[in-house]
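J.: after the sequence you'll find the predicted model.
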Amino acid sequence: MSKLIFLDNGATSFPKPEEVYTYMDHFFRNYGVNPGRSGYDLCMEAGLIVEETRKMLTEFFNGTDPNRLCFSYNSTDALNLIISGMLKPGDHAISTTIEHNSVLRPLHHLSLQGVAVDLVPFGAAGFVDPDGVRARFRANTRLVIVNHASNVIGTVQPVTEIGRLCREAGIPFAIDISQSAGKVAVDMEKQFLDVVAFTGHKSLLGPTGIGGLYVRDGVEIRHSRAGGTGVRSAVKTHLDEYPYRLEYGTPNVMGIAGLHAGVKWILGRGLEAVHHQEMALARMLRDGLREIPGVTLYCQDDLTDHIAVLAFNVEGMDAADIGTMLDVDHGIACRTGLHCAPLVHEQLGTDKIHGAVRFGIGPFNTEEHILTAVRAVGEIAAIRQRRKKSA
């Protein structure tokens, strides 16, 4: 079997740029101490990479204050901080059916405690209508939260239009940029964003275990945890000032170092250039798959406002079986099932057939990878067609 073809970049990017591996090894060997807890030189050097990465990401998202860039363990962690810190019983929240469970589940738990939740469905092409969001505004709406780019069908939502409507109504607007950060532009100012939640291990090309959120000046999130911050230790309550307001305990400084290297790699090549390369491969993949008899694609007719994520099924086959055959027989790694986004599959109707197969393209995929994947799916579909005729 030839080397594995990794088409599961929607789950995590792999491989990482060589610069990420090299820098993480160098950093941990030379500066792998607890940052900001003491005044010796090594501790100060470790703290420096944390602050430099805050500044880098603040600029990356066109924020204004690096102190309001708070690190967490991943986007799920950040989204829980946002949702639990901005909503309370009696409030109303608006989200969508395009969401990942990292939004759906926290909202559901709060709905059991008296928070009203409205979910706006996406249209046939995979996009949420901003007017559909506005139609659900109430006097007690305290948060609108939307998945910027779908981890199932790849559609990039019209967050600028939604954000403008929220800003006009005085409603805080948060987006989950787990899939979009590092692929398409995220701009706090131009897109009228109040809070963004990101993870480091997907398209930002860092390691797992690191993520965070950026909070626009004037937007407040209650702290729902408490612990050590390394500063003002005599204060009995958790600190209110950012970034300490939303950071707790020893940070994942190793992860921050890797994230720093990943973002630096993206900046060196250009965000638009990386996205253009991935979308060229996505079009090749889409065009190849839709020529195969029995293959169904979802929301892939027009790849404008998309990221390079594609879901499909083969008629009469379980997605999990297709994934196994791609892995065992063709050396292709992908994701199958509901992708932690069950409402997407409910709308598509794929929940009744155990979800779909997902290919996620990354910056290190090649045309040969895509051609191999198309051939592999073609062979699998042909096997199904032969069995169907002989039945």
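T.: That came through fine.

J.: residue boundaries of the helices in the stretch 151-300 of the chain?
T.: Assigned by DSSP state H, counting those that start in this stretch, the stretch 151-300 of the chain shows helices spanning 159-169, 253-269, 271-289.

J.: can you say which of those helices is nearest to residue 103?
T.: Across the helices of the stretch 151-300 of the chain, residue 103 has its closest neighbour in helix 159-169 (14.0 Å, CB to CB). The C-beta positions use only the backbone N, C-alpha and C, and glycine is treated the same way.

J.: send the alpha carbons of that closest one over as PDB?
T.: Only the C-alpha atoms of helix 159-169 are listed here, as PDB (Å, rounded to 0.1, in the frame of the first residue of the first chain):
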ATOM      1  CA  VAL A 159     -21.700  36.600   8.400                       C
ATOM      2  CA  THR A 160     -21.100  40.200   7.300                       C
ATOM      3  CA  GLU A 161     -24.800  40.700   6.500                       C
ATOM      4  CA  ILE A 162     -25.900  38.900   9.700                       C
ATOM      5  CA  GLY A 163     -23.400  40.900  11.700                       C
ATOM      6  CA  ARG A 164     -24.700  44.200  10.300                       C
ATOM      7  CA  LEU A 165     -28.200  43.300  11.200                       C
ATOM      8  CA  CYS A 166     -27.100  42.400  14.700                       C
ATOM      9  CA  ARG A 167     -25.100  45.500  15.200                       C
ATOM     10  CA  GLU A 168     -28.100  47.700  14.100                       C
ATOM     11  CA  ALA A 169     -30.300  45.900  16.700                       C
END
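
J.: buried residues, that helix. List them.
T.: Residues of helix 159-169 classed as buried under the neighbour-count rule (16 or more other CB atoms under 10 Å) are 159, 161, 162, 163, 164, 165, 166.

J.: other SSEs contacting it?
T.: Using 3 or more CB pairs under 8 Å, 6 or more residues apart in numbering; DSSP states H and E, the elements in contact with helix 159-169 are helix 130-134, strand 141-147, strand 173-176.

J.: show me the residue at the heart of this structure, geometrically.
T.: In the chain, the C-alpha nearest the mean C-alpha coordinate belongs to residue 178, at 1.4 Å (CA atoms, centre = their mean).

J.: what pLDDT does that residue get?
T.: The model reports residue 178 with a pLDDT of 98.

J.: so it sits against residue 201, correct?
T.: No. Contact status for residue 178 versus residue 201: not in contact, 9.5 Å apart, counting by CB atoms under 8 Å.

J.: related to what we said a few turns ago, select, out of the helices and strands packed on helix 159-169, the one closest to residue 332.
T.: Set against residue 332 and scored by CB to CB, these come closest in strand 141-147, at 26.1 Å.

J.: report the angle between that closest one and helix 159-169.
T.: Taking axes from the mean of the first three to the mean of the last three CA atoms, to 10 degrees, one finds strand 141-147 and helix 159-169 inclined to each other by 170 degrees.

J.: for strand 141-147, which strands pair with it and how are they oriented?
T.: Note on strand 141-147: by DSSP bridges, its sheet partners are strand 92-96 (parallel), strand 173-176 (parallel).

J.: mind putting the ones you listed into JSON lines with distance to residue 286 and mean neighbour count?
T.: Compiled in JSON lines, those are given as follows (distance: least, CB to CB, whole Å; neighbours: other CB atoms under 10 Å):
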{"stretch": "strand 92-96", "distance to residue 286": "24", "mean neighbour count": "25"}
{"stretch": "strand 173-176", "distance to residue 286": "24", "mean neighbour count": "28"}
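
J.: relative to residue 216, which of the helices of the stretch 151-300 of the chain is closest?
T.: helix 159-169 (10.3 Å).

J.: tally of neighbours for the closest residue to residue 227 other than its chain neighbours?
T.: Spatial nearest neighbour of residue 227, chain neighbours left out: residue 248 (4.2 Å); criterion: CB to CB, 6 or more residues apart in numbering. Here the count is done by other CB atoms under 10 Å, and residue 248 has 18 residues near it.

J.: what does residue 25 give?
T.: 12.

J.: over to residue 69: give its phi and psi.
T.: Dihedral angles phi and psi of residue 69 (degrees, to the nearest 10) take the values phi -100, psi 110.

J.: dump the residue contacts of it.
T.: Residues touching residue 69, when contacts are defined by CB atoms under 8 Å, 6 or more residues apart in numbering, comprise 54, 55, 57, 58, 61, 63, 212, 213, 214, 243.

J.: try 10 Å this time
T.: Residues in contact with residue 69 (CB atoms under 10 Å, 6 or more residues apart in numbering) are 51, 53-61, 63, 196, 198, 212-215, 242-243, 246.

J.: excluding chain neighbours, what is closest to it?
T.: Of all residues not flanking residue 69 in the chain, residue 54 sits nearest, at 4.5 Å (CB to CB, 6+ apart).

J.: what's the separation between the one you found and residue 260?
T.: Residue 54 sits 10 Å away from residue 260 when distances are taken as CB to CB, to the nearest Å.

J.: distance of residue 263 relative to residue 51?
T.: Separation of residue 263 from residue 51 (CB to CB) stands at 14 Å.

J.: who's more crowded, those two?
T.: The residue with more neighbours, out of residue 263 and residue 51, is residue 263; 22 against 16, by other CB under 10 Å.

J.: for the more buried one, give me the pLDDT.
T.: Per-residue confidence for residue 263 comes out at a pLDDT of 98.

J.: for it, give its distance to residue 26.
T.: Here residue 263 is placed at a distance of 17 Å from residue 26 (CB to CB).

J.: go on, residue 206?
T.: 15 Å.

J.: neighbour count winner among those two?
T.: Neighbours of residue 206 and residue 26, each counted by other CB under 10 Å, are more numerous for residue 206; the result is 30 against 12.

J.: surely that one is in contact with residue 260?
T.: Yes. Here residue 206 lies in contact with residue 260, judged by CB atoms under 10 Å, at a distance of 7.8 Å.

J.: ok, the closest residue to residue 97 other than its chain neighbours - contacts?
T.: Sequence neighbours aside, residue 343 is the residue nearest to residue 97 in space, at 4.0 Å (criterion: CB to CB, 6+ apart). Residues in contact with residue 343, defined by CB under 10 Å, 6+ apart, are 95-101, 104, 119, 121-122, 152, 351.

J.: done for today, thanks.
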